[in-house]
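Colleague: Quick check, what structure comes out for this input:
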Amino acid sequence: MVEANRYVLRRPSDLSVSPRYTIDYEKELNPAQYAAVTALDGPVLVIAGAGSGKTRTLVYRVARYIESGLPPENLLLLTFTRKAAQEMLSRAGLLLGTVCDRVAGGTFHSFSNMILRRRGTAIGLDPAFTILDRPDGEDAIHLLRNARGLGEREKRFPRKNTLSDMFSASVNKATALEEIVLTDYPHFSDHLGEILELEKAYADYKRQRSLLDYDDLLLKLQELLETQREVRGQLSETYRAIMVDEYQDTNKIQARVVRLLCANHENVMVVGDDAQSIYSFRGAHFKNIMDFPKEFPKARIFKLEENYRSTQPILNLTNEIINQAREKYPKHLFTHQKEGRPPVVVQAENENWQSRFVCQKVLELREEGVPLETIAVLFRSSHHSFDLEIELIKHGLPFVKRGGFKFIETTHVKDVLAHLRVLQNPRDAVSWNRLLLLIDGVGPKKSQSIIAAMAKETDMSAAGSQNAGWLKALKVQSEQKAGGSPLKEVTRLFDDLLAAPQLPSEQLNRIYSYYTPHLSQRFDDYPKRIKDLEHLYAITERYMKLDEFLSDITLEPPSEAVSEIEPTGREDEKLILSTIHSAKGLEWHTVFIIWALDGKFPSMYSFDSDEELEEERRLMYVAATRAQKGLYITYPVNVYDKVLGTVLSRQSRFLDGLPRSLYNTWSLVEEDM
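Modeller: A predicted model of the protein is given here:
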């Protein structure tokens, strides 16, 4: 038989073919973006600075791959939200049409679900497994917890939501549960053995019932790729080009999954910004983006440094903030918007002066024509805005808050305020019911009985002696067997509060001492909630009368109250209050960063850890780079911190060493009468 000459058929996705492009990529992109978009072969790391057109780069790279001959179904785009994936593919569709609908795009979890349904039998998974959402998982944990009698102890055992947090942190941080408990939940260390047993029972429960929670989706995909060589090879051949958005936010499992999907090739591009890695509490691993060149030694690195958001004066400051980071990819953001107001660092005498400054400046900006919704106040922790919320309502400034709960909507703040409210108004049955239900042995029925008795005694008392009337009724109830000793404690509390005239701060301090044991019994995260109450105490210190304090703080919840004070015709205009974590990816005309005080931002809890302190620095960078035209960084001085037992008076260390030429400094003074 005569041997035939060989004629090689190229793969449809062979990128060596010289295609004809319908898009003028070089015209549509800046040089750095163009370089990243056209580097289609091999591993690529794109360091995308804040506001540098990251999404545009990803969209055009999708189009470039398809126009280069790669079938859309062989392209995988992994993102952190479905909305992000849909937006990118929709924008790519505007460039190339419906062909982009065939691109495999979605979140890590949705991709995992799809693959496990199709290939999971290789590791013993039933294709019809059920996915547990967070509440479902917590209910299962609760069932197992109670079945073992772990809730029936004199010393409190973690609740279902806390246990779920522990188990999830162990998975996402790839850290032993024992270490998670001892490091993050040391107040539950006495129950470590039972917690470890419960984790195993939860895993057995899910396995026996073909259940997977969100964390299992990632774990099982990793197991499938690691243990099933044939499946790994087939998936790597199917997805011949991989793109990952926000790579700095991936955890160890997600990074491992990406590496395994590249078993037959290294056509992977990850996009992210090491300077915006701020989610370690969710398991994000900063080292993933830093170690990408080690994982893929042939990786090419492209930096997107042209900023389309901020003016150069703002970028000059943010560049210097991040340049002080210990570990980073050096970059220098620049823009063609050369002119602009320099950032301002504002020193306030106290927290209320800080709040008043923000309100006054916001009103000035509004008069200049800057809409409220294009102005944002950012803060490290949700409780940092409590005083500001009160001041905004006083000034008639409507706002919406993102991240955390509004001040007076938090359970523990409501509990404490209930005690103060009954001092002001003994007929406040709602507040009475709230505080009585905190007491062991007092349920809804008993609470209503006590309130009825107090109401009767109060009605019989003269107007000026109503406090004496309800206190007398409370004492009678406390002496009855049904009330028992716990009711006597609240009686003693009000005895002390009514014994002599006291300032609101003094009254709150006494309530604080009484309430703290309830706080630790009711909430697994009580150390954080104690900080909230300390802020409440700081607010009361500037009031001389209880009724004035309650008049300010007991207005309708801000989301409802603002509808009554919004100017006619401006119903949709609201100032933005946001935690910095919730602000990532967003931008505003003017940004205020409040509480830039050492001990608050950075948090004092980060002082003992270089990694946590560096993440705090990145958090400051993220906050500052949200600003387009105006940036104000404020801090109060002479703030007493009960935990440290010291007065905090130093501006954030992240401002130290910055050239004074990069910003203006303002010191607030009171207007002369």
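
Colleague: Flag the shaky bits of the stretch 1-150 of the chain, pLDDT-wise.
Modeller: 1-3, 5, 7-18 (pLDDT under 70).

Colleague: make it 90
Modeller: Where the stretch 1-150 of the chain drops to pLDDT under 90, the residues are 1-21, 80-90, 92-101, 105-107, 109-110, 113-114, 117, 126-140, 142-150.

Colleague: which residue ranges form the helices in it?
Modeller: Taking DSSP state H, counting those that start in this stretch as the criterion, the stretch 1-150 of the chain contains helices spanning 25-28, 31-38, 54-67, 82-96, 108-119, 134-147.

Colleague: Now do the longest one: which elements does it pack against?
Modeller: Helix 82-96 makes packing contacts with helix 54-67, strand 75-79, strand 104-107 when contacts are defined by 3 or more Cβ pairs under 8 Å, 6 or more residues apart in numbering; DSSP states H and E. (Glycine included, C-beta is placed from N, CA and C.)

Colleague: Can you list the neighbours in contact with it?
Modeller: Helix 82-96 has contacts (Cβ atoms under 8 Å, 6 or more residues apart in numbering) with 22-23, 55, 58-60, 62-63, 66-67, 77, 79, 99-101, 103, 105-107, 110, 245.

Colleague: Make CSV out of the helices and strands packed on helix 82-96 and add distance to residue 147 and mean neighbour count.
Modeller: Formatted as CSV, these follow (distance: least, Cβ to Cβ, whole Å; neighbours: other Cβ atoms under 10 Å):
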stretch, distance to residue 147, mean neighbour count
helix 54-67, 48, 23
strand 75-79, 39, 24
strand 104-107, 34, 20
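
Colleague: Ok, which of these comes nearest residue 303?
Modeller: For the helices and strands packed on helix 82-96, the distance to residue 303 is smallest for helix 54-67, at 11.5 Å, taking Cβ to Cβ.

Colleague: How far does stretch 384-402 stretch from one end to the other?
Modeller: End-to-end span of stretch 384-402 (Cα to Cα, to the nearest Å): 13 Å.

Colleague: what's the single longest helix in the protein?
Modeller: helix 504-522 (DSSP state H).

Colleague: and it, average pLDDT?
Modeller: Average pLDDT, helix 504-522: 85.

Colleague: Stretch 314-332 too?
Modeller: The model assigns stretch 314-332 a mean pLDDT of 95.

Colleague: swap in stretch 242-257?
Modeller: So the average pLDDT for stretch 242-257 ends up being 95.

Colleague: do the same with stretch 159-170
Modeller: Stretch 159-170 comes out at a mean pLDDT of 92.

Colleague: what helix or strand is residue 456 on?
Modeller: In this structure, residue 456 is located in helix 444-460 according to DSSP states H and E.

Colleague: Determine the set of other helices and strands touching that helix.
Modeller: helix 429-436, helix 466-479.

Colleague: Kindly export that helix (C-alpha atoms) in PDB.
Modeller: Taking Å, rounded to 0.1, in the frame of the first residue of the first chain, the C-alpha atoms of helix 444-460 are listed here in PDB:
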ATOM      1  CA  PRO A 444     -45.100  37.800  75.900                       C
ATOM      2  CA  LYS A 445     -48.000  36.900  78.200                       C
ATOM      3  CA  LYS A 446     -46.100  37.900  81.400                       C
ATOM      4  CA  SER A 447     -44.800  41.000  79.800                       C
ATOM      5  CA  GLN A 448     -48.300  42.200  79.000                       C
ATOM      6  CA  SER A 449     -49.500  41.400  82.500                       C
ATOM      7  CA  ILE A 450     -46.700  43.500  84.000                       C
ATOM      8  CA  ILE A 451     -47.300  46.400  81.600                       C
ATOM      9  CA  ALA A 452     -51.100  46.300  82.400                       C
ATOM     10  CA  ALA A 453     -50.300  46.500  86.200                       C
ATOM     11  CA  MET A 454     -47.900  49.400  85.700                       C
ATOM     12  CA  ALA A 455     -50.400  51.200  83.400                       C
ATOM     13  CA  LYS A 456     -53.100  50.900  86.100                       C
ATOM     14  CA  GLU A 457     -50.700  52.200  88.800                       C
ATOM     15  CA  THR A 458     -49.500  55.100  86.600                       C
ATOM     16  CA  ASP A 459     -53.100  56.200  85.800                       C
ATOM     17  CA  MET A 460     -53.800  56.400  89.500                       C
END
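
Colleague: now the angle between helix 429-436 and that helix, please.
Modeller: Here helix 444-460 runs at an angle of 130 degrees relative to helix 429-436 (axes from the mean of the first three to the mean of the last three Cα atoms, to 10 degrees).

Colleague: Kindly state the pLDDT recorded for residue 553?
Modeller: Reading off the model, residue 553 has pLDDT 66.

Colleague: Pull the residues that contact the helix or strand hosting residue 488.
Modeller: Using DSSP H and E, residue 488 sits in helix 484-499. By Cβ under 8 Å, 6+ apart, the residues outside helix 484-499 that reach it are 419, 423, 435-436, 439-442, 450, 467, 471, 474-475, 477-478, 507, 510-511, 514.

Colleague: now do stretch 164-173
Modeller: 134, 137-138, 141, 158, 175-177, 180-181, 184-185, 195, 199, 202, 214-215, 218-219, 251-253, 282-283, 285.

Colleague: Alpha carbons only: can I get that stretch in PDB?
Modeller: What follows is stretch 164-173, C-alpha atoms only, in PDB (Å, rounded to 0.1, in the frame of the first residue of the first chain):
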ATOM      1  CA  SER A 164     -22.500  28.500  59.500                       C
ATOM      2  CA  ASP A 165     -20.100  31.400  59.400                       C
ATOM      3  CA  MET A 166     -17.400  29.200  61.100                       C
ATOM      4  CA  PHE A 167     -17.800  26.300  58.600                       C
ATOM      5  CA  SER A 168     -17.900  28.600  55.600                       C
ATOM      6  CA  ALA A 169     -14.800  30.500  56.700                       C
ATOM      7  CA  SER A 170     -12.900  27.200  57.100                       C
ATOM      8  CA  VAL A 171     -13.700  26.300  53.500                       C
ATOM      9  CA  ASN A 172     -13.200  29.700  51.900                       C
ATOM     10  CA  LYS A 173      -9.900  30.400  53.700                       C
END
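
Colleague: so where's the stretch 551-673 of the chain uncertain?
Modeller: 551-573, 585, 599, 603-609, 637-650, 657, 670-673.

Colleague: repeat that with 80
Modeller: Where the stretch 551-673 of the chain drops to pLDDT under 80, the residues are 551-572, 640-648, 672-673.

Colleague: what ranges do the helices span in it?
Modeller: Using DSSP H, counting those that start in this stretch, helices in the stretch 551-673 of the chain cover 558-565, 580-583, 610-624.

Colleague: Could you tell me which of the contacts of stretch 164-173 count as buried?
Modeller: Buried residues within these, counting neighbours by 16 or more other Cβ atoms under 10 Å: 137-138, 141, 158, 177, 180-181, 185, 195, 199, 202, 214-215, 218-219, 251-253, 283, 285.

Colleague: In the stretch 551-673 of the chain, mark out all the strands, start to finish.
Modeller: Along the stretch 551-673 of the chain, the segments classed as strands by DSSP state E, counting those that start in this stretch run 575-579, 588-593, 627-636, 639-641, 646-648, 664-667.

Colleague: can I get these in CSV with distance to residue 120 and mean neighbour count?
Modeller: Formatted as CSV, the strands of the stretch 551-673 of the chain follow (distance: least, Cβ to Cβ, whole Å; neighbours: other Cβ under 10 Å):
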stretch, distance to residue 120, mean neighbour count
strand 575-579, 37, 24
strand 588-593, 44, 24
strand 627-636, 47, 24
strand 639-641, 51, 16
strand 646-648, 53, 14
strand 664-667, 60, 12
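
Colleague: Hmm, residue 177 is touching residue 197, no?
Modeller: No: the criterion here is Cβ atoms under 8 Å, and residue 177 misses it with residue 197 at 10.7 Å.

Colleague: Which element, helix or strand, includes residue 345?
Modeller: Going by DSSP H and E, residue 345 is in strand 344-348.

Colleague: Now whichever helix or strand comes after that strand: buried residues?
Modeller: Next helix or strand after strand 344-348 toward the C-terminus (DSSP H and E): helix 351-367. For helix 351-367, a neighbour-count test (16+ other Cβ under 10 Å) marks 351-359, 361-362, 365-366 as buried.

Colleague: Thanks a lot, see you next time.
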